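In: following is a predicted model, sequence given first.
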Amino acid sequence: MTPTLGLVGARGHVGGELARLLAGHGGLRLARAASRQGVGEPLSAHLAHAPAGIVLEDMSPETVASWPVDAVVLALPNGLAAAYADALAAGPRAPVLVDLSADFRFDPAWAYGLPERHRERIRGARKIANPGCYATGIQLGVAPLLELLAGPPQAFGVSGYSGAGTTPSPRNDPERLRDNLMPYALTGHLHEREASHHLGHAVRFVPHVAPFFRGITLTITLPLARPLERDALVRRYRDVYAGEPLVRVTDDIPEVRAAAGRHDVTIGGFQVDDRHAVVVVTLDNLLKGAASQALQNLNLALGLPERQGVPRDPSA
Ligand SMILES: NC(=O)C1=CN([C@@H]2O[C@H](COP(=O)(O)OP(=O)(O)OC[C@H]3O[C@@H](n4cnc5c(N)ncnc54)[C@H](OP(=O)(O)O)[C@@H]3O)[C@@H](O)[C@H]2O)C=CC1
Ligand SMILES: CC(=O)N[C@@H](CCC(=O)OP(=O)(O)O)C(=O)O
């Protein structure tokens, strides 16, 4: 029997991307979906890639806990996951639970869903907290130099406005963003704390949102305890990520427009001076920053091939 999945928040940006990936998975089937709106309507009326026969259900934790599925994905705004986690824990089944929100990313009882750094913890896990989009790029960009750092790396990040979700806000208002670049959360952004926590080393991060829809670019300056030749720097990243299907290391400076629609992270633009290294990281916030990574985690937790259902990116 093909494992089945229930999706809560199917009408959101991330929910829609995950439904699209599941349509091509072949080993995991979307079987239930919940939303505040459109209850009783076919999911396909809201999502182009939804399989036929799925009717949107109400979003009560009790309804979700009654679903006879092998996995549940929460793709809801922050602050809502606990009620579902509690209802599922008390329910008759114990499906794998993947939460896209930030609610459980600091909870040691949950596997932190960054496979490149926590693969064995995720394999077979029952509760997985999917990382934040910027936090994914920051951790993959900093990790290879952790032991060479002379202080906190500084990450300058820019995200497309899909990162701000579908609930209207200045950060996803195309009018406010037109010909603009909007700094926000100048200190203490959640992803600064999240990346520092999971790296075990302080990092500084300042986010900005831009008028394009999807994609993240991060320019990360890393203070070095001793000088490092550029070739050695590049080799370090290539060695750390050799064989990682969703991390691409390139000599070029990656550009965010090329990241839109890709499922991997691209790390490049390696530059050094006597005291610092600078790397550039790009990814699609809705894919490796969310849905593609969630699918990697679901596959690992369910014992399926890790990248099943994650399309191969055009080699570039
Ligand atoms: N966007 C991104 O780039 C990334 C987002 N994330 C995280 O993933 C989660 C989903 O993100 P995203 O898809 O962008 O969010 P959206 O705002 O696009 O969608 C959230 C979903 O939850 C429903 N919803 C919205 N508000 C509420 C509410 N107050 N109570 C219950 N349901 C609500 C929405 O619609 P409805 O019920 O009306 O159908 C929608 O289905 C969030 O926790 C976000 O922080 C993580 C990484 C990247
Ligand atoms: C442009 C924009 O607003 N981006 C969001 C990041 C989206 C994300 O990853 O959300 P969570 O970590 O909250 O799950 C932000 O900065 O809060």
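Out: Structure's in. What do you need? Numbering: from 1, shown residues only. Ligands and ions are numbered 1, 2, ... in the order given.
In: and stretch 23-38, what's its mean pLDDT?
Out: Across stretch 23-38, pLDDT averages out at 95.
In: let me know whether that stretch sits next to ligand 1.
Out: Yes - using CB under 6 Å from any ligand atom, stretch 23-38 reaches ligand 1 at 35-37. (C-beta placed from N, C-alpha, C; glycine too.)
In: next: stretch 209-221.
Out: No - on the criterion CB under 6 Å from any ligand atom, stretch 209-221 is out of touch with ligand 1, staying 7.6 Å away.
In: distance from that stretch to the middle of the chain?
Out: Here stretch 209-221 is found 14 Å from its chain centre; the criterion is CA atoms, centre = their mean, to the nearest Å.
In: can you list the buried residues in that stretch?
Out: By neighbour count on 16 or more other CB atoms under 10 Å, the buried set for stretch 209-221 is 209-210, 214-220.
In: now the helices for the chain?
Out: With DSSP state H, the ranges of helices along the chain come out as 13-23, 61-65, 81-90, 115-122, 133-142, 174-177, 190-199, 230-240, 256-259, 292-302.
In: L286: which of the ones you listed is closest?
Out: helix 13-23 (4.8 Å; CB to CB).
In: between the closest one and helix 133-142, how big is the angle?
Out: Put simply, helix 13-23 runs at 70 degrees to helix 133-142, going by axes from the mean of the first three to the mean of the last three CA atoms, to 10 degrees.
In: who's in contact with helix 13-23?
Out: Contacts with helix 13-23, where a contact means CB atoms under 8 Å, 6 or more residues apart in numbering, come from 5, 7, 9-10, 28-30, 33, 43, 47-51, 73, 75, 100, 162, 165-166, 286-287, 290-292, 294-295, 309-311.
In: among the residues you listed, name the ones in strands.
Out: Of the positions in the contacts of helix 13-23, 5, 7, 29-30, 33, 73 sit in strands, assigned by DSSP state E.
In: output those residues as a markdown table; include the columns distance to E147 and neighbour count.
Out: Converted to a markdown table, the ones in strands among the contacts of helix 13-23 look like this (distance: CB to CB, whole Å; neighbours: other CB atoms under 10 Å):
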| residue | distance to E147 | neighbour count |
| --- | --- | --- |
| L5 | 39 | 27 |
| L7 | 40 | 30 |
| R29 | 43 | 17 |
| L30 | 42 | 24 |
| A33 | 45 | 28 |
| V73 | 35 | 32 |
